[in-house]
Every structure is written in C-alpha cells, then in structure tokens.
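S.K.: Show me the folded form of this:
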Amino acid sequence: MCGIAGIIYRDGPHAVGEDMKQMLQSMKHRGPDSTGYALYGTPSEAFRMRITLADTNTKRDFDFAERLVRRRAEVEGKLHAVGASVTEIDETTDYTSTFTFDYSGDLKTLADQVESVRDTQVLSLGHALEIVKDIGDAETVAAQYNLDKMHGTHAIGHVRMATESDVDIAGAHPYWAYPFSDIAVVHNGQLTNYFYWRRRLERSGHRFQSACDSEIIAVYLAERMSEGASLEDAMNQSMEELDGVFTYLCVTADSLGMAKDELAAKPLVLYESDDIIAVASEEIAIREVVPGEIETYDPFEGEVMVWTR
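M.R.: Residues are numbered from 1 along each chain as shown. All right, here's what the predicted structure looks like:
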C-alpha cells in the first residue's frame, strides 16, 4: 500500500514544498519507508540536475566523504566534456547534489555521461523540475532538504511501503522520465506486463534505475510525447497498453495528469476549484491544503484527466 498526491495552482506560485509535505504526512500510514517529491519551481533557461552520489544506506567508512568529493568533481568534469557550462553546485546532503548549467546538446548523452561516474544516478533533469526523495516520512525528508522554502506552481508526491524492491532512494518515487526534460510520475499499483515494456523500452535505448514498475510509466509516457503525442493522448494510450491495477499521476513543465485503470481498485480522490486542483489517495490529504468545507469526488474507472496552468 502506498499513497500518492498531486497539486497544481492556477493563480501563480505557492509554498508548494510545504503544501505537498502536509498532504503526504497525512498519509504516513500508507507508506512509512520512503517519501518523494517532484516539485516545479519557476522555469529558467538553465538546466537543473539533481543527482545522488551514493545511496543513503551506503556504509560510511573512513574515506566515504573523500570518495563523494571525487565523484562530485568527476560529474562536473563530465558535464564540461559534453559542452555544459556549470554555473552553480548545491551540496544539499553529503550524498546528493544539484547542478545548474547551460546546455544545448542531447540530454541522453549528458545523462549517460553523468551516470558513468561510479554509483551516481540522475534523479531529475529539467528547467523547472526537481525531484527530492529519501528514506523517512514526509516531514523528515522535507526538513532534510529544506522544502519549506520551495515555491512553485505544481507538484506530485509519494509515500511508499516497500513491497517488491528495497528501501532505498532508487526504489522511491517519483521517477524522472529518462532522458526527457521536466517529466515525472508517481504510481500506486502493479503493472502485470512490466517485463514486456522494460525490454521494449531498453531496446529503444532507455535505461532504468530500479526494478520498480512505476519507472516504466514515466519513460513510456515521455517516449510517446517525444513522438508527438500530447500528455493526455499519451496517458490514454497507456490505458490501452499497460496492464495491471494502478492509479498514477504525471507532471510536465506546465501540466498535471491523472489516470485510473479500468478496475479502479486503487483509490484516488479529486478536488477542483478556480484556483487549485488537488488529488490524493485519501481525502484527508486534500483537506490539509484546502480549508473549510469542500466537495470531492472519485474519478471514474478508466478515466484520464489533465490540467494545465
């Protein structure tokens, strides 16, 4: 059992980090193992790339810190080698960093070069997207990464109870849609044709950070959109081609979408007003950010909905 949540503001930036933290913390009972956020701030011309240099479970031996310093420098060198001009490096924790840089080349080439550094993974890459995920509940992760200071226009999040993969950063949601800019997914459920789609997408040149079926959805949608489909069209195609019991949320630079499979076994509740759209596995999460009496409803089985700022 996991919990998912999404929010998009129609009236400009809000304290999206704080709001998403409150939504996710209210569903801690659905997943205490790890928490993740995909947050969209003010878009910039520069790229922002968040990476991990080691997993949070990695043993801290005597030269751990020194190894991370070397890996961080190696990542910077890889970026320069592909033509990126690094303007800022934010060392949020000892094992995660955010690089800001100007770049006009191929994102797959860049991401592959960065991930050629030992134990390094790209969590997110885009002009507005930042994915933050780690072990612990929503409050723990938000405090660790100072998310109360994060303002933005929309976000999705996930609380995880590990069932089919390890409790680590790689197994935590959201998933960035490698190698596409500003696309992320959270998911509650199971895909029964996971291996079919993993092999098919790997043959197309995609890589996967984990054995989690949710990552398939992110890359599937991004590939469809790269072929010219809109987010809504790509999500509708997924309902025809992805098998299983699932509900998922997808975000792009300017949109939030939700999809619920034909069996509708995984819960999702929706609230919509002129200023805000909020969706979550449970109504209690929506009430954390929408004060007063509200009316919510459950999307229909097999339904896809997309909202754009």
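S.K.: gap between stretch 210-217 and the chain center?
M.R.: Centre-to-centre, stretch 210-217 and its host chain are 12 Å apart (Cα atoms, centre = their mean, to the nearest Å).
S.K.: Please apply the same query to stretch 194-203.
M.R.: The answer for stretch 194-203 is 20 Å, by Cα atoms, centre = their mean.
S.K.: how about that stretch: buried residues?
M.R.: Neighbour-count burial for stretch 194-203, counted by 16 or more other Cβ atoms under 10 Å, picks out 194, 197-198, 201. Yep, even glycine has a C-beta here, placed from its N, CA and C like the rest.
S.K.: and those residues as TSV, adding pLDDT and secondary structure?
M.R.: Formatted as TSV, the buried residues of stretch 194-203 follow (pLDDT from 0 to 100; DSSP: H, G, I helix; E, B strand; the rest coil):
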residue	pLDDT	secondary structure
194	93	helix
197	95	helix
198	95	helix
201	93	helix
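S.K.: Which pair of those residues spans the longest distance?
M.R.: Largest separation among the buried residues of stretch 194-203 by Cβ to Cβ: 194 and 201, giving 10.7 Å.
S.K.: which residues are in contact with both of those two?
M.R.: residue 216 (Cβ atoms under 8 Å, 6 or more residues apart in numbering).
S.K.: Make TSV out of the buried residues of stretch 194-203 and add distance to residue 298.
M.R.: Shown next, in TSV, are the buried residues of stretch 194-203 (distance: Cβ to Cβ, whole Å):
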residue	distance to residue 298
194	26
197	27
198	31
201	31
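S.K.: how about the helices in the stretch 201-309 of the chain?
M.R.: With DSSP state H, counting those that start in this stretch as the criterion, the stretch 201-309 of the chain has helices at 214-226, 231-241, 283-287.
S.K.: helices or strands up against the second one?
M.R.: Other helices and strands packing on helix 231-241, by 3 or more Cβ pairs under 8 Å, 6 or more residues apart in numbering; DSSP states H and E, are helix 214-226, strand 255-260, strand 304-308.
S.K.: Nearest to residue 13, out of the ones you listed?
M.R.: Nearest to residue 13, of these and by Cβ to Cβ, is strand 255-260 at 14.8 Å.
S.K.: and for the closest one, what are the contacting residues?
M.R.: So strand 255-260 is in contact with 6-8, 154, 156, 231-232, 235, 238-239, 246-251, 266, 268, 270, 277, 279, 299-309, going by Cβ under 8 Å, 6+ apart.
S.K.: Show me the shaky parts of this structure.
M.R.: Along the chain, the parts satisfying pLDDT under 70 run over 162-165.
S.K.: excluding its backbone neighbours, what's nearest residue 142?
M.R.: residue 21 (4.2 Å; Cβ to Cβ, 6 or more residues apart in numbering).
S.K.: Name the next helix or strand downstream of the helix or strand harbouring that neighbour, please.
M.R.: Here residue 21, judged by DSSP states H and E, is contained in helix 16-25. Next along the chain after helix 16-25, taking DSSP H and E as the criterion, comes strand 34-40.
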